[in-house]
Each structure stands twice: as structure tokens, then as C-alpha cells.
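Predicted model, plus sequence, below.
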Amino acid sequence: MDSGLSRQLFTRLLLVAPVVFGVVTLTFLVARVFAPDPVALYIPPQADEELRHKIRVELGLDKSIPEQYGVFLADLAQGDLGESTITGRPVTSDLWDRLPATVELAVVSLTFAIVIGVPLGVLAGARRDGPLDFSVRGITLIGMALPSFWLGLVLILIFFVILGWLPGPVGRLPLGAVAPEKITGLYTLDSLIRGDLTLWWESVRHLILPGLTLGVVIVAPITRVARASMVEVMRSEYIRTPKALGIRKQVIYFRYALKNALLPIVTMIGTIVGFVFTGAVLVEAVFNWPGMGKYGLDAILKSDFTALQGFVVVASVTYIVAFFLVDIVYMLIDPRTR
């Protein structure tokens, strides 16, 4: 890696640090200052003042806001996000245990969206105003308008209730099935490593509907951005030259044009990565998928103040890291940004 690129990476890393600090600070202030008193979430309204004070001390809310903030930062620096009142376990451990389920769902949905969306957008943009372009624009418009939870329910109705081809919303495995011995936490991978093809097939079947639902939701914006970027690139002078030389259209589209249309596509994918990892709450809820998004939703429904705060911090940092990685990819594919 050349020194110029290293300096750029270091500079961007320095810029990320205050953003993370700002997000963490804002999360703390919203949770402590603007939100209702968390003590009220843990005790009945008729509780006496002694019990209220005891809960306040246990939560560390008896200290001043600056003191609470200092403790919060010190704990966060050690990876301590507090203890969930519902599970009785550290929030960090809860989120870590749920990460593999989210990763598995994210990989399937992102792969589907990128493999389908990018080529479709490239072809639609390269053949602007043709039948394919009109079809793609219409389908993606519908896809962006569809609520993810509604699409998930429709797919369950069709493929589980009516056709019986795929399992219902029972999580990652059939009810009563024993999960494979944990190696990576990814059921599809762990069952393959153990040579249990029956369990692998069951984990794949349970992954299809939630992966397809989330994939359809995110394929629409990727396709539209790819199309818009290709439309702009195809008007450029450097595309007319290979056309005049008689180079095959597929080579022009995917070798010359796509390379210069990648930046907006990478930006969109970076945004979607953050959404898939922490924002796919409704999809995970519909399919009872035990990922981080469902953990955040359960924290809201059960008034688990500490778990919700930890989830928000992780979700915010995930988005920041995703955009930091986008910056790195920018520098690798476009020398002008270095």
C-alpha cells in the first residue's frame, strides 16, 4: 500500500472517531435526559420511595449526569453495554449470540440483491427507454413501495400455508430440532462442517423465505441506483470510442461502463449493509428470526432499557463502520478520491 493511500486511510479513521463519539453521546443523552425515567419501567406505580431509590442505585441513576456519562464511556470502552433486565445476561453477550443469525440472513439477502440488482440495473441503464428498462423501472418502483412485513406475510401465505413448500416462521430450524455444535454460529456452515446434510438442508429451507423477503426489499434501490448511474455513464465520450471500435456490447457494459458507474452503487450497498445488519427489525419479527433486529424489537416491547440502549449503540456504530468501508472501497476503485 503506497504512503498516499495510507495517509488517506488514517485521515478517514481520525474523522470516524468523533462521529462515533458523537453518536454514543447522543444515545446516552436521549436515554438519560430526554426519555422518561427508566426506573418506572421496572417497578409498579404504587412502589414506595425506598424501592425506587434501590432500583435507581442499581441502575447507577443516583449519580449526576456527568458521572453517569463517565461510567457509561468507561464501560463502553471495555465492551460492556450493561445487563439486560429480561435475560439477566450482559447485553454484549446477547448481541454476540444473535450476530450469527443476522449475518446469515444478511449474506443471503445481500447476495441475492447484488447478483440480481446490479446486472439488471446495468442492462436497463444501457438500453434506456427500451422494454427492459420500462419493466425494471416499474418492478423496482413496486419493490420500493412494498412494506417488508407485508411481503413476508404474503410469502408465508403462499409458500407455507397454501403450497406447503417451505417452513413457516419458526426461526432458523424446525421446532424441537437441535442446533449444530457451534463453530461459527452459522447453522448452514456449521452443519456442513459436521457433515450433517439433513440439518444443513433444514437450515437452508428456513433461510429461504426471510432471505428472499429482505432480498426483494433491498434489490429495488440497488437496481435503481445502478440504472441511473449507467444512464449517466453511457452518455460519456469514453463509451462512444469502444462502440465505434465494434467491441461487444456486453464487454462495454460490464468492463468499461460498470467500472465508472460503481461509486453510487457502492454507496447504496454500504447504506444497505447497515440496514440489513441492524435495521431489518420487521423481517426478523415476522419470521421469528433470532437476530439482532428482533433483539432490539423485543427490548422495546418488554421495556428493557439497557438492552435497547446497547442495541442502538451497536446499530449506530455499524452504520458508521459501513460508510467507513465504503470510503476505503472508493479509494481502491477510483484514484481521483485519493
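Received the coordinates, thanks.

in this structure, which spans are helices?
Counting by DSSP state H, the chain has helices at residues 3-29, 49-58, 65-77, 91-126, 131-145, 148-156, 187-193, 197-233, 237-244, 249-251, 258-278, 281-286, 292-301, 305-333.

can I get those in a markdown table with distance to Leu163 and mean neighbour count?
In short, each C-beta sits where N, CA and C put it, glycine included. Formatted as a markdown table, the helices of the chain follow (distance: least, C-beta to C-beta, whole Å; neighbours: other C-beta atoms under 10 Å):
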| stretch | distance to Leu163 | mean neighbour count |
| --- | --- | --- |
| helix 3-29 | 44 | 13 |
| helix 49-58 | 51 | 13 |
| helix 65-77 | 48 | 13 |
| helix 91-126 | 20 | 21 |
| helix 131-145 | 22 | 14 |
| helix 148-156 | 11 | 17 |
| helix 187-193 | 23 | 19 |
| helix 197-233 | 12 | 21 |
| helix 237-244 | 45 | 12 |
| helix 249-251 | 37 | 12 |
| helix 258-278 | 27 | 20 |
| helix 281-286 | 18 | 23 |
| helix 292-301 | 26 | 21 |
| helix 305-333 | 35 | 19 |
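
Figure out which of these is closest to Thr85.
Evaluated with C-beta to C-beta, the helices of the chain place helix 305-333 nearest to Thr85, the distance being 6.4 Å.

Let's have the helices of the chain in CSV, adding distance to Val170.
Formatted as CSV, those follow (distance: least, C-beta to C-beta, whole Å):
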stretch, distance to Val170
helix 3-29, 33
helix 49-58, 36
helix 65-77, 35
helix 91-126, 13
helix 131-145, 26
helix 148-156, 11
helix 187-193, 13
helix 197-233, 7
helix 237-244, 50
helix 249-251, 43
helix 258-278, 21
helix 281-286, 12
helix 292-301, 13
helix 305-333, 23
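
What's the separation between the residue nearest to Leu192 when sequence neighbours are not counted and Asn288?
Spatial nearest neighbour of Leu192, chain neighbours left out: Trp200 (5.3 Å); criterion: C-beta to C-beta, 6 or more residues apart in numbering. Trp200 is 20 Å from Asn288, where distance means C-beta to C-beta, to the nearest Å.

where does this structure have low pLDDT?
By pLDDT under 70, the low-scoring segments of the chain are 1-5, 8, 32-48, 245, 279, 333-338.

so who does the residue lying closest to Thr188 once chain neighbours are set aside touch?
Leaving aside its sequence neighbours, Thr188 sits nearest to Ser203 (C-beta to C-beta, 6+ apart; 4.9 Å). By C-beta atoms under 8 Å, 6 or more residues apart in numbering, the residues touching Ser203 are 172-173, 187-188, 191.

Then Phe160?
Applying C-beta under 8 Å, 6+ apart to Phe160 gives the contacts 166-169, 209.

most surrounded residue in these?
Neighbour counts for these peak at Leu209, which has 24 neighbours (criterion: other C-beta atoms under 10 Å).

what residues are up against that residue?
Leu209 makes contact with 152, 155-156, 159-160, 166-167, 169, 287, according to C-beta under 8 Å, 6+ apart.

Gly88: neighbouring residues, count only.
Neighbour count for Gly88, taken as other C-beta under 10 Å: 8.

any idea how far it lies from Val57?
18 Å.

Return the distance of Tyr238 relative to Gly125.
According to C-beta to C-beta, Tyr238 and Gly125 sit 16 Å apart.

Same question for Glu181.
Distance check for Glu181 against Gly125: by C-beta to C-beta, it reads 47 Å.
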